[in-house]
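Visitor: next comes the sequence, and after it the predicted model I'd like to discuss.
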Amino acid sequence: MTIAVLFFAVLAPWIALIGFLASRVLTSRLRNAVGFFHPFTNDGGGGERVLWCAVRAVQDDNPDLDCVIYTGDHDASPDSLLRRALDRFGIKLLFPPKVVFLYRRKWIEDNTYPRFTMIGQSFGSMFLSWEALSQFTPKFYFDTCGYAFTYPVARLFGCKVICYTHYPTISLDMLSRVRQRSSMYNNKASIAQSAWLSQCKLLYYNLFSWMYGLVGSFAHLAMVNSSWTKSHIEKQWKIPDRIKRVYPPCDTSGLQALPLERSSANPIFISVAQFRPEKAQAVQLEAFALACTMLDREMRRPKLQLVGSCRNKSDEDRLESLKQIAMQLNIAEDVEFHKNIAYRDLIDLLGGATAGLHSMIDEHFGISVVEYMAAGAIPIAHNSAGPKMDIVLEEDGQPTGFLAETVEEFANAIIKVLRMPEDERLKMAAAARKRAGRFSEQRFYDDLKAAIRPIIRHRSR
């Protein structure tokens, strides 16, 4: 780490000088536009919802600015993206965004880097952003995916850099887990069990954390989606005056129109999350299977619906693996899998759910948890980060859901929901729905517009 610091200390003045001279030349090429760096425009998750809501917010406030999407999805077109925003997320853009295609997206895909994935993807994003900005250079560069290593590149091109950070690429919690040698999806058991390998990984993480803080500080405005993310980004990027907490847009208005009453004959538990390793759907299957063994004789056997999107073959394989786990746990007949469904179908499923499951450790925010609450489904969420600090909190003195960490705790929460008298469930569901209103799409629009106006409005005219 000391060598890296000395290296940057020697080269920093020269890099700054070259960057300044280059930016003076490149500024003349700037287009009156906002370029949204979002290489995967078909991921179907909360990040894509943020993208389209951010585009709509910019269009509302600055109709004179073009909105350009940098995407690696070559089947995308202005009209198809306009339709996707509406059909998948219920977001009506005022006019179609322009599209700039990226041909080297593999530089940021995890399967490109079997080892040192984090730093490989980060440096790869720098090359990908160079490709993007070389094709089209906007006045304002808006990263909606958390590729912080692209910010110095955008500054070099003369752009004003705005970002919406869902999750720090590396967090202090990740460093702590490696230090404590805890096994997890991003810390293999073979490393956790070795003192020497753990020390090597800790050195790597510390170096990367320092670099992450350096590149993040290039942002003119950093919006973050939760109290947990804000705390980490402030400590790492050290630009507290340029960091604003803007809760992500959750579809609370449409979901709040659903009736709170649920059929007691067929209790349904729903899980809405992309099929990614950190979402830990296997934990939900194990907890559901355990809960089924704990049912009283008079209790009706529940159903579990796993709803999510697949970005690539790795996600498809993970979905198939989850189906196999359900079979091994003897709950295959009780579990339904819904892949890449339309937004209107998601609303229908949420409207029939008694409760919703969430099991990701240190989920930065947890849009799905808010959606459960708005729809009238009791949330059972992981006891960490966003759900713990911002979402599943009391409302007017009333509990709004359950928090759990272990398989046993999730199973016990499932049983509590099944045993809950209807009037008690309705009281909790009503309190949860009221709290969900704090994270509405309209509040996102208002807060995001207020955050970006000092930068975009003053510079775009």
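Guide: That came through fine.

Visitor: quick check, L329 in contact with Q284.
Guide: No - contact criterion CB atoms under 8 Å: L329 and Q284 do not qualify, at 10.9 Å. C-betas here are computed from N, CA, C, even on glycine.

Visitor: more neighbours: which of those two?
Guide: Q284 (24 against 17; other CB atoms under 10 Å).

Visitor: contacting residues around the more buried one?
Guide: Shown in contact with Q284 (CB atoms under 8 Å, 6 or more residues apart in numbering): S271, L304, L306, L357, S359, F410.

Visitor: for the one helix or strand it maps to, buried residues please.
Guide: Take DSSP states H and E as the rule and Q284 turns out to sit in helix 281-293. Using 16 or more other CB atoms under 10 Å as the burial criterion, the residues of helix 281-293 that qualify are Q281, A282, V283, Q284, L285, E286, A287, F288, A289, L290, A291, C292.

Visitor: the stretch 51-200 of the chain: helices as residue ranges?
Guide: 78-89, 117-135, 151-156, 172-180, 189-192, 195-216 (DSSP state H, counting those that start in this stretch).

Visitor: kindly report the same for the stretch 251-400 of the chain.
Guide: 252-255, 281-293, 313-328, 343-351, 367-375, 385-386.

Visitor: run through who's touching the shortest one.
Guide: Helix 385-386 is contacted by residues N225, S226, S227, W228, T229, I361, D362, E363, H364, F365, G366, V369 when judged by CB under 8 Å, 6+ apart.

Visitor: what do you get if the cut-off is 7 Å, keeping everything else the same?
Guide: S226, W228, D362, E363, H364, F365, G366 (CB atoms under 7 Å, 6 or more residues apart in numbering).

Visitor: repeat for the first one
Guide: When contacts are defined by CB under 7 Å, 6+ apart, helix 252-255 is touched by residues G90, I347, L350, V370, E371, A374, A375, A436, G437, F439, S440, E441.

Visitor: out of those, which end up buried?
Guide: Counted by 16+ other CB under 10 Å, the contacts of helix 252-255 give G90, I347, L350, V370, E371, A374, A375, A436, G437, F439, S440, E441 as buried.

Visitor: got phi/psi on A353?
Guide: phi -90, psi 140 (degrees, to the nearest 10).

Visitor: wait, it sits on P267?
Guide: No - taking contacts as CB atoms under 7 Å, A353 lies outside contact range of P267: 8.9 Å.

Visitor: so between those two, which is more surrounded?
Guide: Applying other CB under 10 Å to A353 and P267 shows that A353 carries more neighbours, namely 25 against 19.

Visitor: can you pull the contacts of that one?
Guide: I268, F269, I270, A375, A377.

Visitor: please repeat the previous calculation with a cut-off of 8 Å.
Guide: A353 neighbours (CB under 8 Å, 6+ apart): R262, I268, F269, I270, Q305, Y372, A375, A377.

Visitor: just those residues: which are in strands?
Guide: I268, F269, I270, Q305 (DSSP state E).

Visitor: beta partners for the first one?
Guide: With DSSP bridges as the criterion, the beta-bridge partners of I268 are K303.

Visitor: burial count for it?
Guide: I268 has 19 nearby residues by other CB under 10 Å.

Visitor: right, and it touches R300 too?
Guide: No - I268 lies out of contact with R300 (CB under 8 Å); the separation is 10.7 Å.

Visitor: distance to Y70 and mean pLDDT added to the helices of the stretch 251-400 of the chain, as TSV?
Guide: Formatted as TSV, the helices of the stretch 251-400 of the chain follow (distance: least, CB to CB, whole Å; pLDDT from 0 to 100):
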stretch	distance to Y70	mean pLDDT
helix 252-255	29	83
helix 281-293	30	97
helix 313-328	22	94
helix 343-351	24	91
helix 367-375	23	94
helix 385-386	27	92
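
Visitor: would you list those in JSON lines and tack on distance to A154?
Guide: JSON lines is the format used below for these (distance: least, CB to CB, whole Å):
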{"stretch": "helix 252-255", "distance to A154": "33"}
{"stretch": "helix 281-293", "distance to A154": "35"}
{"stretch": "helix 313-328", "distance to A154": "29"}
{"stretch": "helix 343-351", "distance to A154": "32"}
{"stretch": "helix 367-375", "distance to A154": "27"}
{"stretch": "helix 385-386", "distance to A154": "27"}
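
Visitor: so for R105, which of those helices sits nearest?
Guide: helix 313-328 (14.5 Å; CB to CB).

Visitor: packing partners of the closest one?
Guide: In terms of contacts (3 or more CB pairs under 8 Å, 6 or more residues apart in numbering; DSSP states H and E), helix 313-328 is packed against helix 281-293, strand 335-339.

Visitor: now with 10 Å, please.
Guide: The helices and strands touching helix 313-328, judged by 3 or more CB pairs under 10 Å, 6 or more residues apart in numbering; DSSP states H and E, are helix 281-293, strand 303-308, strand 335-339.

Visitor: can you list the residues that contact the shortest one?
Guide: Yep, that's strand 335-339 we're talking about. 44, 268-272, 275, 281, 284-285, 288-289, 303-310, 315-316, 319-320, 322-323, 325-327, 329, 345-346, 349 (CB atoms under 10 Å, 6 or more residues apart in numbering).

Visitor: any stretches of the stretch 151-300 of the chain with poor pLDDT?
Guide: 176-198 (pLDDT under 70).

Visitor: joint contacts of A353 and P267?
Guide: What both A353 and P267 touch, as defined by CB under 10 Å, 6+ apart, is the set K303.

Visitor: who's in contact with the closest residue to L128 other than its chain neighbours?
Guide: Spatial nearest neighbour of L128, chain neighbours left out: W107 (5.1 Å); criterion: CB to CB, 6 or more residues apart in numbering. Residues near W107 by CB under 10 Å, 6+ apart: 39, 72, 113, 120-121, 123-129, 131.

Visitor: care to break the chain down by domain?
Guide: Following automatic domain parsing, one gets these domains for the chain: 2-249+442-460, 252-439.
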